[in-house]
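**Student:** requesting a structural model of the entry that follows:
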Amino acid sequence: MDIRFSAEEQKFREECREWLLANVPSERRPLNAADAIAFDKEWQHRLFDAGWAGINWPTAYGGRGLSLVQQVIWLEEYAGAHAPWIGANFVGINHGGPTLILNATEEHKAYHLPRILKGEAIWCQGFSEPGAGSDLAAIRTHARIEGDELIVNGTKIWTSFAHVADWQELVVRTEAGSRRHQGLSWVICDMHAPGIEVRPIRKMSGQVEFAQVFYDDVRIPLANVVGGLGNGWKVAMSTLSFERGTGFIAEQVKLSQEIEELVASARASGAIRDDRIAGELAQMRAEVAALRAMTYRNISDVIRRGQPGPEASVIRLFSAELGQRLERMALLLAGDDILDFRYGDDTLVGEYLRGFAATIAGGTAQIQRDIIAERVLGLPKSR
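**Tutor:** Numbering: from 1, shown residues only. From the prediction side, this is the model:
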């Protein structure tokens, strides 16, 4: 692994920094759900028009065709410039789109990828189900084949942005009587199709971001199956590897920025003189540095293999738990100003509450540990 940047890459970093400095919105991402979605779409389209969307996506589909290293540089500068969270575009940009690039037909790539990059189409993920949250192999939502269509029945839950999504990456059981990993298919689902009902779920922070989705004889063209019938487990694993690996690079980079802000705050308030606080800040600063080194190593592996491997779960787990500790420290340092303090695009309390989802979304902390034990360390299966 070579973590040094070339002269060309350094020049690219300067270009990123200059554009972000001149273009990052002065207003924060709105907390109101409807306003936030409009903000997300407008900002994504602005990135596309300026050539900053899909840094490493193929040029044929609206990207720039640059290297994954340059994508990492962009994300580092993006976080450093306090640029907005991509919000409703997260699923499409970070793992829906990359999964299509890796597995879909040219027809699907040509239609969907430019719309994702422009912010014209919002995607959501239809993986988790009641009783089968992180255990993807236990899903019950099924589809029978009638002619050239799939007829889908069942339900999905914790579907981020389902209430505003145009398309969904949906995993269903297409082989009757199949069990676990067998008989699954990864399907592109039109969220405006008849038979789909979306029931939003309000989070404890007060925001509406999740939903439960019900499918009642929803008809999906058989041509919308990605990777072939029965190959859904393999395609879904590529989706989750992007979600758990490269999809969270921006969040990991943001941690570096946040720990430095916390250290500065502790110094300004005098809290740094408390040995316990100073020790915790020093520990977290060291762990952020270690996380960054692991991220660079993971990127090096992705460049060689073409997609993230199971090692991405190490980074996913570590960054989620570290982020929760950073948010607790931020609450402690805020003191009496805790209710009014703004932190990134949210209130400090809102950011703290949202942080509880970090060790649940994309596979719980327990699932990540199982993956690390079995697929990285080669230990026996836990069940």
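
**Student:** the strand or helix carrying Ile277 - contacts with which helices or strands?
**Tutor:** In this assignment (DSSP states H and E), Ile277 forms part of helix 275-305. Under the contact definition 3 or more C-beta pairs under 8 Å, 6 or more residues apart in numbering; DSSP states H and E, helix 275-305 sits against helix 68-80, helix 249-269, helix 312-334. (Glycine included, C-beta is placed from N, CA and C.)

**Student:** mean confidence for it?
**Tutor:** When pLDDT is averaged over helix 275-305, the result is 82.

**Student:** tell me the strands beside the longest strand along the chain, with direction?
**Tutor:** When the chain is scanned for its longest strand (criterion: DSSP state E), the result is strand 208-221. Sheet partners assigned to strand 208-221 using DSSP bridges are listed as strand 149-156 (antiparallel), strand 196-202 (antiparallel).

**Student:** list the buried ones in it?
**Tutor:** Using 16 or more other C-beta atoms under 10 Å as the test for burial, strand 208-221 gives Val208, Glu209, Phe210, Ala211, Gln212, Val213, Phe214, Tyr215, Val218, Ile220.

**Student:** what residues are up against the first one?
**Tutor:** The one in question is Val208. Counting by C-beta atoms under 8 Å, 6 or more residues apart in numbering, Val208 touches Ala33, His163, Pro200, Ile201, Arg202.

**Student:** distance check, it against Ala33.
**Tutor:** 5 Å (C-beta to C-beta, to the nearest Å).

**Student:** in three-state terms, label Glu120 for me.
**Tutor:** coil (DSSP: H, G, I helix; E, B strand; the rest coil).

**Student:** my guess is it contacts His45. True?
**Tutor:** Yes. The pair Glu120 / His45 is scored as a contact, 7.4 Å apart, by C-beta atoms under 8 Å.

**Student:** quick check: pLDDT value at the residue nearest to Glu251 when sequence neighbours are not counted.
**Tutor:** Using C-beta to C-beta, 6 or more residues apart in numbering and skipping the chain neighbours, the partner closest in space to Glu251 is Ser319 (6.4 Å). Listed pLDDT for Ser319 reads 78.

**Student:** coming back round to it: of the helices and strands packed on helix 275-305, give the one that comes closest to Glu129.
**Tutor:** Glu129 lies closest to helix 312-334 among the helices and strands packed on helix 275-305, at 20.9 Å (C-beta to C-beta).

**Student:** shouldn't Ser185 be in contact with Leu229?
**Tutor:** Yes. Applying C-beta under 8 Å, one finds Ser185 in contact with Leu229, separated by 5.3 Å.

**Student:** so who does Glu149 touch?
**Tutor:** Going by C-beta under 8 Å, 6+ apart, Glu149 touches Arg219, Ile220, Pro221, Leu222.

**Student:** low-scoring stretches of the stretch 1-150 of the chain, by residue?
**Tutor:** 1-3, 132-137 (pLDDT under 70).

**Student:** what number of residues lie near Glu175?
**Tutor:** 17 (other C-beta atoms under 10 Å).

**Student:** farthest residue from the center of the protein?
**Tutor:** Within the chain, the residue lying farthest from the chain centre (C-alpha atoms, centre = their mean) is Arg273, at 37.2 Å.

**Student:** and that one, how far is that from Leu281?
**Tutor:** For Arg273 relative to Leu281 (C-beta to C-beta), the value is 12 Å.

**Student:** what's the answer for His192, then?
**Tutor:** His192 is 49 Å from Leu281, by C-beta to C-beta.

**Student:** which of these two has more neighbours?
**Tutor:** Leu281 (23 against 9).

**Student:** which residues touch the more buried one?
**Tutor:** By C-beta under 8 Å, 6+ apart, the contact set of Leu281 is Ile259, Leu262, Val263, Ala266, Ile272, Met329.

**Student:** cool, and Phe214?
**Tutor:** Gly154, Thr155, Ile196, Glu197, Val198, Arg199.

**Student:** before we move on, what about Asp217?
**Tutor:** Asp217 touches Ile151, Val152, Asn153, Gly195, counting by C-beta under 8 Å, 6+ apart.

**Student:** wait, isn't the first one in contact with Ala143?
**Tutor:** The one in question is Ile151. Yes. Contact status for Ile151 versus Ala143: in contact at 6.1 Å, counting by C-beta under 8 Å.

**Student:** check Glu258 and give its pLDDT.
**Tutor:** At Glu258, pLDDT is 84.

**Student:** spit out the contact partners of the nearest residue to it once chain neighbours are set aside.
**Tutor:** Excluding the flanking residues, the one nearest Glu258 by C-beta to C-beta, 6+ apart is Leu326, at 5.5 Å. Listed by C-beta under 8 Å, 6+ apart, the contact partners of Leu326 are Leu255, Glu258, Ile259, Leu262, Met284.

**Student:** and the third one, how far is that from Ile277?
**Tutor:** The one in question is Ile259. For Ile259, the distance to Ile277 - C-beta to C-beta - is 13 Å.

**Student:** those two: who's more crowded?
**Tutor:** Ile259 (21 against 17).

**Student:** quick one: contacts for that one?
**Tutor:** Contacts of Ile259 by C-beta under 8 Å, 6+ apart are Leu281, Met284, Arg285, Val288, Leu326.

**Student:** next one: Glu120
**Tutor:** Here Glu120 is in contact with Lys41, His45 (C-beta under 8 Å, 6+ apart).

**Student:** now it: phi and psi?
**Tutor:** Per-residue torsions, Glu120: phi -80, psi -20 (degrees, to the nearest 10).
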